[in-house]
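>>> Got a sequence here, can you model it:
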Amino acid sequence: MAPRVFLISPASCSGERARILLRDAARFDLALRIRDAGAPLGEVFAFLSGLYFRGKLTYARRFERALPDSAGALVITARAGLRPPEEAVRIGDLRRFAEVDIDARDLRFRRPFLRDARALAQRLGPEAEVVLLGSIATGKYVDVLLDVFGPRLLFPRDFVGRGDMSRGGLLLRHARAGRELSYAPVLGTERHGARPPRLPKPRRRPRADAVL
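Below you'll find the predicted structure:
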């Protein structure tokens with residue numbers, strides 16, 4: 001099968017959860033680790049973004065098909081390009097991320113992002129699949145990726161019309177069930193669509209002490 005790399009859209013480093021993590025008085029485990037040796041980027045962004053990022057990362061790790069000595073999932077960052085989710089980040093990195101908007105018009109974001117996307121395209125070759133796990137409704141990072149990958153840039157069809165929480169739940173369910181979503185090219189796809197039906201609530205497992 002062809003190699004497959006997932007590109008994961010970023011978490012906000014300037015929202016409320018970021019302020020909790022970055023405040024000087026924070027003493028919980030993750031806050032202490034980013035002040036010391038650092039913590040994995042994926043773990044930090046999952047804290048900042050919650051269900052949505054956790055779903056994207058879990059799904060990418062379940063279905064990636066990486067090349068040897070290459071990451072099968074890469075996270076879009078505000079000013080460090082594409083980084084593997086295992087890479088350690090520290091408090092200074094997060095504060096620098098918070099200074100820059102995810103916007104292709106901002107060269108602090110665009111230059112490293114474009115650099116890494118081009119290097120990835122060259123490394124993967126023409127047969128590899130590149131799947132964006134993120135919104136295609138905005139051009140803030142999609143336009144850069146389309147410039148580099150063109151019709152090779154794919155996304156999950158079921159993302160259209162869903163909000164972040166719905167996408168996160170969808171990805172977690174499919175990852176846990178081992179059922180991959182279907183993908184479509186971003187190029188030529190209607191970027192806004194009707195909201196799909198809500199996901200059914202997961203079935204609860206019976207309690208061990210339940211009366212049969």
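>>> and the lengthiest helix in the chain, what other elements does it pack with?
The residue-count maximum for a helix in the chain (DSSP state H) belongs to helix 107-124. Helix 107-124 sits against strand 73-76, strand 82-83, strand 129-133, helix 139-149, with contacts defined as 3 or more CB pairs under 8 Å, 6 or more residues apart in numbering; DSSP states H and E. C-betas here are computed from N, CA, C, even on glycine.
>>> out of those, deepest packed?
Greatest average neighbour count among the helices and strands packed on helix 107-124 goes to strand 73-76 (a mean of 26), per mean count of other CB atoms under 10 Å.
>>> which helices and strands does that one pack with?
Using 3+ CB pairs under 8 Å, 6+ apart: strand 73-76 touches strand 4-8, helix 41-49, helix 51-63, strand 82-83, helix 107-124.
>>> contacts for that strand?
Residues from elsewhere that reach strand 73-76, judged by CB atoms under 8 Å, 6 or more residues apart in numbering: 5-10, 41-42, 45, 57, 60-61, 64, 82-85, 102, 113, 116, 120, 134, 141.
>>> Low-confidence stretches in the chain?
The model of the chain has pLDDT under 70 over residues 191-212.
>>> Recalculate using a threshold of 80.
Counting by pLDDT under 80, the ranges of the chain that qualify are 190-212.
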